[in-house]
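Undergrad: what follows is a predicted structure for the sequence shown.
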Amino acid sequence: IDVGSLDGVILSGFPGTMTAAWQQIGRAGRSGRKSLALLVAYANPLDQYFMHHPKSFFGASHEHAIIDLENPYILSGQVLCAGAELPLDCERDLEFFGPSLPGIVAAHARESLLGKTRRGWIYSGSRRAQELVGLDGGSRESFRVLSGGKVLETMDRSQAFREAHPGAILIHQGEQYRIDSLNLEARTIHATPVEVDYYTRPLNTVQIRVKTCRMRRSLPGASLCFGDVEVTEQYTSYKLLKAETMIGIEPLDLPPSRFSTTALWIEVPPALAGELSRQESDLAGGLHGMEHVMIAVMPFHVLCDRWDLGGLSVPCGGDSGDPTVYIYDGYEGGIGLAEKGYEICEKILDTARMLVNECTCTTGCPSCILSPKCGSDNHPLDKAATLLLLSLVSGKMSKKSEESLILCP
């Protein structure tokens with residue numbers, strides 16, 4: 001296709017970021033003539049938000065791009081790859097890699113991944129350095145997906161457990177593969193080509209332990225924190241689905257996956273939780289819905305995908321033991337997403353509140369509080385409680401929330 005001659009483009013759903021949307025729109029009209037762009041909205045929160053707020057689409061600035069130069073896991077991989085290209089000098093190269101360079105080099109040397117030479121430290125591992133480093137995360141646990149003796153792709157441990165567990169249907173370059181086995185010691189995944197009319201979705205449980213709270217401030221109706229956490233994910237089973245209808249469920253026997261990352265969390269005070277109880281609202285369903293919709297709208301404000309984030313809502317959490325909603329970076333060490341979310345949390349809450357308030361469904365749907373990545377199968381969820389909670393936390397009562405308070409004196 002001669003892109004320069006295109007007069008129009010059709011966006012099949014919002015691509016996830018404003019940057020990507022305008023990049024796709026910009027493929028038309030390059031010859032200087034007027035052009036047309038159509039966005040066909042899907043039933044997901046951001047698409048529907050723009051259907052209700054078209055001015056936000058045309059007037060929005062690009063998202064905040066986050067670059068975390070100090071993530072030790074990402075930096076570790078960069079040092080490894082650099083040593084495979086040129087010898088490293090711990091004094092000379094401090095300006096490029098920062099003060100943690102000597103410690104990272106020493107750690108790699110202990111694992112026989114870097115070796116000392118007359119010219120400096122060079123890569124000395126048995127595999128190509130690039131095979132140990134993922135482009136989309138900091139983990140060095142790289143799993144190879146094999147089929148017929150060929151390597152289809154590589155993925156980190158988290159992605160392997162989520163997308164390539166035994167029994168999963170993996171899509172690679174438009175082709176279907178059934179995962180036959182996952183060898184944790186060899187870090188290999190064996191797959192067989194198939195043609196099936198169903199797909200799979202894993203279910204998991206998440207636990208979060210707060211290690212340190214780095215920052216804390218007040219929202220109109222709650223406390224907002226940012227800090228370091230340890231996340232434990234346990235994949236317990238997977239569903240077989242056909243057109244979103246479950247046709248079966250199978251157990252999984254995988255070890256828990258633990259990683260340290262950064263998170264923001266909102267601690268709901270007892271008075272606010274008591275208000276939800278007084279309104280006969282489901283607090284757990286409201287917390288869960290708030291977690292979902294905040295993750296769904298964060299890509300409107302921060303350059304990321306909802307799959308880059310994880311979340312958890314608990315009746316007792318944080319430092320206070322109060323009901324808490326966590327949103328964490330899905331990458332070891334964190335990549336700055338939750339930290340930016342902490343800075344602009346009021347904007348995220350406002351967008352989330354408007355989205356839920358304007359959705360025409362009654363109990364919750366994929367356009368507002370349902371999430372395709374929910375490990376607990378979207379239970380429990382309560383749309384009314386979600387809206388009331390968002391309104392109380394942000395200090396901005398919507399009309400529906402005010403009516404709810406009036407109807408339940």
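TA: Structure received. Since the model is a prediction, treat every value here as computed from it, not as a measurement.

Undergrad: for the stretch 101-250 of the chain, which segments count as strands?
TA: Ranges of strands in the stretch 101-250 of the chain, per DSSP state E, counting those that start in this stretch, are 114-116, 121-123, 142-147, 150-156, 169-172, 175-183, 188-193, 199-218, 223-242, 245-251.

Undergrad: out of these, nearest to residue 55?
TA: Proximity to residue 55, assessed across those by Cβ to Cβ, is greatest for strand 223-242 (28.1 Å). The way it works is simple: take the backbone N, C-alpha and C, and place the C-beta from them, glycine included.

Undergrad: need the strands of the stretch 101-250 of the chain in JSON lines with mean neighbour count, mean pLDDT and distance to residue 18, can you?
TA: As requested, the strands of the stretch 101-250 of the chain are arranged in JSON lines below (neighbours: other Cβ atoms under 10 Å; pLDDT from 0 to 100; distance: least, Cβ to Cβ, whole Å):
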{"stretch": "strand 114-116", "mean neighbour count": "17", "mean pLDDT": "93", "distance to residue 18": "41"}
{"stretch": "strand 121-123", "mean neighbour count": "20", "mean pLDDT": "94", "distance to residue 18": "39"}
{"stretch": "strand 142-147", "mean neighbour count": "19", "mean pLDDT": "92", "distance to residue 18": "32"}
{"stretch": "strand 150-156", "mean neighbour count": "16", "mean pLDDT": "90", "distance to residue 18": "27"}
{"stretch": "strand 169-172", "mean neighbour count": "16", "mean pLDDT": "95", "distance to residue 18": "27"}
{"stretch": "strand 175-183", "mean neighbour count": "16", "mean pLDDT": "97", "distance to residue 18": "32"}
{"stretch": "strand 188-193", "mean neighbour count": "18", "mean pLDDT": "97", "distance to residue 18": "35"}
{"stretch": "strand 199-218", "mean neighbour count": "15", "mean pLDDT": "95", "distance to residue 18": "27"}
{"stretch": "strand 223-242", "mean neighbour count": "18", "mean pLDDT": "95", "distance to residue 18": "24"}
{"stretch": "strand 245-251", "mean neighbour count": "11", "mean pLDDT": "93", "distance to residue 18": "34"}
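
Undergrad: so which of those strands comes closest to residue 296?
TA: Of all the strands of the stretch 101-250 of the chain, strand 199-218 sits nearest to residue 296, with 17.2 Å by Cβ to Cβ.

Undergrad: sec struct for residue 307, please.
TA: Put simply, residue 307 is helix when judged by DSSP: H, G, I helix; E, B strand; the rest coil.

Undergrad: burial check on it, number of neighbours?
TA: Applying other Cβ atoms under 10 Å, we find 15 residues neighbouring residue 307.

Undergrad: name the nearest residue to it, sequence neighbours excluded.
TA: Residue nearest to residue 307 in three dimensions, not counting chain neighbours: residue 373, with 6.3 Å by Cβ to Cβ, 6 or more residues apart in numbering.

Undergrad: look up how far residue 333 lies from the one you found.
TA: According to Cβ to Cβ, to the nearest Å, residue 373 stands 21 Å off from residue 333.

Undergrad: neighbour-wise, which of the two wins?
TA: Using other Cβ under 10 Å as the criterion, residue 373 and residue 333 rank with residue 333 on top: 21 against 18.

Undergrad: give the helix, strand or coil label for the more buried one.
TA: Per three-state DSSP, residue 333 ends up coil.

Undergrad: and residue 20, by the same measure?
TA: Recorded secondary structure, residue 20: helix (three-state DSSP).
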